[in-house]
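Colleague: take a look and give me a structure for this.
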Amino acid sequence: MRMDEESTQPVLNRLRRAQGQLTAVIAMIEAGRDCKDVVTQLAAVSRALDRAGFKIVANGMRQCLTGDSDAPPMSQEELEKLFLALA
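Modeller: Okay, here's the model as predicted:
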């Protein structure tokens, strides 16, 4: 599956944001920060990754439904596995 530029940029932005947040989590742990602060930041990383994953899956579904891809369409089982991988 190839993502178009319009879909790729928001995903890359979310992943870069998550990367920065993860770097912050590591620094917080190394600095001995409060557990509540670390977990809050870690939850933000998790949400950013989830949203990027959902955007990728949604793009794949759009391509399957509109026939915009050269790849063979995904089966219902394959789509379900993708969604469950993010759950």
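Colleague: low-confidence bits of the chain, can you list those?
Modeller: Counting by pLDDT under 70, the ranges of the chain that qualify are 1-4, 63-71, 73-74.
Colleague: ramachandran angles for residue 57?
Modeller: Backbone geometry at residue 57, expressed as degrees, to the nearest 10, gives phi -60, psi -40.
Colleague: number of nearby residues for it?
Modeller: For residue 57, the count of nearby residues is 17 (other C-beta atoms under 10 Å). (Each C-beta comes from the backbone N, C-alpha and C, glycine too.)
Colleague: again, but for the one 5 residues further on
Modeller: The burial count assigned to residue 62 is 14, neighbours taken as other C-beta under 10 Å.
Colleague: distance from the chain centre to the host helix or strand of it, please.
Modeller: Using DSSP states H and E, residue 62 falls within helix 35-66. Centroid separation for helix 35-66 versus its chain: 3 Å, with C-alpha atoms, centre = their mean, to the nearest Å.
Colleague: quick one: buried residues of that helix?
Modeller: 38, 41-42, 44-45, 48-49, 51-53, 55-57, 59-60, 63-64 (16 or more other C-beta atoms under 10 Å).
Colleague: what helices or strands is it leaning on?
Modeller: In terms of contacts (3 or more C-beta pairs under 8 Å, 6 or more residues apart in numbering; DSSP states H and E), helix 35-66 is packed against helix 5-30, helix 76-86.
Colleague: and those helices, which is most packed in?
Modeller: With neighbours taken as mean count of other C-beta atoms under 10 Å, those reach their highest mean count in helix 5-30, at a mean of 14.
Colleague: that's all I had, so thanks and see you.
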